[in-house]
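**Q** This is a predicted model, with the sequence first.
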Amino acid sequence: MDKDRIEGAAKQAKGAIKEAAGKVIGDAKLEASGKADKVEGKVQNAVGGAKDAVRDATKK
């Protein structure tokens, strides 16, 4: 598993927590920051998945 996938998943989790906290306390800026972190994490996770696929394909 590529390190980008792990870091991406962690960013997604962090973003979800920030987004939820922003909703609870009514902080739109924190909520938006959380959403941005989630999107960034998804992209990073996808990049890691692509790296894994390329690595697996070259091993065969």
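**A** Thanks, I have the structure now.
**Q** use CA for all of it now, contacts and neighbours both
**A** OK.
**Q** so for the top helix by length along the chain, what's the average pLDDT?
**A** Using DSSP state H, we find that the single longest helix of the chain is helix 28-59. What helix 28-59 shows for mean pLDDT is 95.
**Q** for that helix, packing partners?
**A** Using 3 or more C-alpha pairs under 8 Å, 6 or more residues apart in numbering; DSSP states H and E, the elements in contact with helix 28-59 are helix 3-25.
**Q** Now for the closest residue to Ala32 other than its chain neighbours: which residues touch it?
**A** The shortest distance from Ala32 to any non-neighbouring residue, by C-alpha to C-alpha, 6 or more residues apart in numbering, is to Glu19 (6.8 Å). By C-alpha atoms under 8 Å, 6 or more residues apart in numbering, the residues touching Glu19 are 30-35.
**Q** Sort out which residues of the longest helix of the chain are buried, please.
**A** 30-49, 51-52 (16 or more other C-alpha atoms under 10 Å).
**Q** And that helix, how far out from the chain middle?
**A** 5 Å (C-alpha atoms, centre = their mean, to the nearest Å).
**Q** now do stretch 53-60
**A** 23 Å.
**Q** And for it, what's in contact with it?
**A** Residues contacting stretch 53-60 (C-alpha under 8 Å, 6+ apart): none.
**Q** Just the C-alpha atoms of it, please, in CSV.
**A** C-alpha atoms of stretch 53-60 as CSV (Å, rounded to 0.1, in the frame of the first residue of the first chain):
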residue,chain,number,x,y,z
ALA,A,53,-1.8,-0.2,-9.7
VAL,A,54,1.2,0.8,-11.7
ARG,A,55,3.5,-1.0,-9.3
ASP,A,56,1.4,-4.1,-9.4
ALA,A,57,1.3,-4.0,-13.2
THR,A,58,5.0,-3.7,-13.5
LYS,A,59,5.6,-6.7,-11.2
LYS,A,60,3.7,-9.1,-13.5
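**Q** Brilliant, that's me finished.
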